[in-house]
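Colleague: coordinates for the following, if possible.
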Amino acid sequence: MMTTIAETEETPRTRCGYTPSESIRAFEKAMMESGVLGTGKALHFAADVACSGGFDCLVRSMWEYAISHIGLGSPRIFFYLKKRIEEISGLLQKLPDEGAYALEEFQVRVGELILVLREAAPRTIVPWPKVGQETHTEGWIRTIASAPET
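Modeller: Got it, this is the predicted structure:
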């Protein structure tokens, strides 16, 4: 029986042994968890993705998190993210990948990004307006003096 090339190739794995999609999904889930355990998970999966060559995917996930969960709750987070990501990308361009991953500055900056994102003020949830009980009766709009005829 002949095996195809696709069957003999293994799926790519991160440094910790996860598939890349599992690692990104776990990072995104950990970012939404609260407490020390959630922070630890987020740092673990961020380091796993970043040091496995998926820094661009990690950046995309961080931007999505900032847009959907922080938003206008802390608008300066976007300037901070842009500046720090440019600095880390500059490190990755100067050094070979393995050299950058082993550099303490790279590790500290990636960890700092995660911690700042987790501690940023979340966007406020706008409550739905409350409607009084008087509006539940028939013809309530006719009782309002400023209501135009339809």
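Colleague: from now on I want contacts and neighbour counts done on CA atoms only, so please keep to that.
Modeller: Fine.
Colleague: longest helix of the protein, counting residues only.
Modeller: Longest helix in the chain by number of residues (criterion: DSSP state H): helix 76-94.
Colleague: give me the distance from that one to the chain's centre.
Modeller: 16 Å (C-alpha atoms, centre = their mean, to the nearest Å).
Colleague: C-terminal to that helix, what's the next element?
Modeller: helix 97-102 (DSSP states H and E).
Colleague: residues contacting that next one, please?
Modeller: 51, 53, 91-92, 106-107 (C-alpha atoms under 8 Å, 6 or more residues apart in numbering).
Colleague: go with 10 Å
Modeller: With C-alpha atoms under 10 Å, 6 or more residues apart in numbering as the contact definition, helix 97-102 has outside contacts at 47, 50-53, 88, 91-95, 103, 106-107.
Colleague: count of neighbours near G71?
Modeller: Per other C-alpha atoms under 10 Å, the neighbour tally for G71 reads 19.
Colleague: which residue is the nearest non-sequential neighbour of it?
Modeller: Of all residues not flanking G71 in the chain, R123 sits nearest, at 5.5 Å (C-alpha to C-alpha, 6 or more residues apart in numbering).
Colleague: give the contact list for that neighbour.
Modeller: Counting by C-alpha under 10 Å, 6+ apart, R123 touches 66-75.
Colleague: switch to 6 Å and redo it
Modeller: 70-73 (C-alpha atoms under 6 Å, 6 or more residues apart in numbering).
Colleague: check which helix or strand E22 maps to.
Modeller: Following DSSP H and E, one finds E22 within helix 20-32.
Colleague: dump that helix to PDB, keeping only the CA atoms.
Modeller: Output in PDB follows, covering the C-alpha atoms of helix 20-32 (Å, rounded to 0.1, in the frame of the first residue of the first chain):
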ATOM      1  CA  PRO A  20      -0.800  26.400  16.200                       C
ATOM      2  CA  SER A  21      -4.500  26.900  16.100                       C
ATOM      3  CA  GLU A  22      -4.900  25.200  19.600                       C
ATOM      4  CA  SER A  23      -2.300  27.500  21.000                       C
ATOM      5  CA  ILE A  24      -3.900  30.700  19.600                       C
ATOM      6  CA  ARG A  25      -7.300  29.600  20.700                       C
ATOM      7  CA  ALA A  26      -6.100  28.900  24.200                       C
ATOM      8  CA  PHE A  27      -4.300  32.300  24.300                       C
ATOM      9  CA  GLU A  28      -7.500  34.100  23.300                       C
ATOM     10  CA  LYS A  29      -9.500  32.100  25.900                       C
ATOM     11  CA  ALA A  30      -7.000  32.800  28.600                       C
ATOM     12  CA  MET A  31      -7.000  36.500  27.900                       C
ATOM     13  CA  MET A  32     -10.700  36.600  28.800                       C
END
